[in-house]
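**Q** next input, structure requested:
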Amino acid sequence: MLLEEIVPIANHIFSFVDKLDKYGNTALIEAVKHKHYECAQLLIEKGNANVNFQNRMMNTAAHVAAMNGHFEMTKLLVKSGSNVLLKNNEKFTCFDHAENAGQTEVLEFLEPVIMEAKIWREKNCLAKIFVNK
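**A** From the prediction side, this is the model:
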């Protein structure tokens, strides 16, 4: 296939990046669920998929990756800006899901990321308080 033929097809596909399926999942969440790393990477890098989108259960792609022990996928999502502090309907973060599922490798990766995110959130909140006074 020629590049001139591929570009319109790719643009058409990427126009559906954040459309929802009947379960409220995006293409990114489905790619993560089914361990399609390259697909997830393409959706994020070329399709600008929303890594922080929350489905009907309020799970993000990071929740799905962490609970299923998809270490490389979890790293991809975090490096792409996934908010590791987001909670789902059960009030679980992706770290909580990894912990509940016994996903040691994911936990070891997420622990310092979570700590850094909590510190940043606290500093940011304090900065807003001082700015508003």
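**Q** and the gap between T104 and K79?
**A** Distance of T104 to K79, given as Cβ to Cβ, to the nearest Å: 20 Å. All C-beta atoms are positioned from the backbone trio N, CA, C, and that covers glycine.
**Q** check M67 too.
**A** If you go by Cβ to Cβ, the gap between M67 and K79 works out to 19 Å.
**Q** which one's more surrounded, the two?
**A** A count of neighbours by other Cβ atoms under 10 Å puts M67 above the other of M67 and K79, at 22 against 11.
**Q** go ahead and confirm the more buried one touches A98.
**A** Yes. With contact defined as Cβ atoms under 8 Å, M67 counts as touching A98 (6.5 Å).
**Q** ok, longest helix in this protein?
**A** helix 104-132 (DSSP state H).
**Q** in it, what counts as buried?
**A** Buried positions in helix 104-132, judged by neighbour count with 16 or more other Cβ atoms under 10 Å: V106, L107, F109, L110, V113, I114, A117.
**Q** pLDDT on that helix, on average?
**A** In this model, helix 104-132 carries a mean pLDDT of 79.
**Q** likewise stretch 34-44?
**A** For stretch 34-44, mean pLDDT rounds to 91.
**Q** ok, now stretch 90-97?
**A** Taken as a whole, stretch 90-97 has a mean pLDDT of 96.
**Q** quick check: end-to-end length of it?
**A** 10 Å (Cα to Cα, to the nearest Å).
**Q** same deal with stretch 44-51?
**A** 7 Å.
**Q** same thing with stretch 70-87?
**A** End to end - Cα to Cα - stretch 70-87 spans 19 Å.
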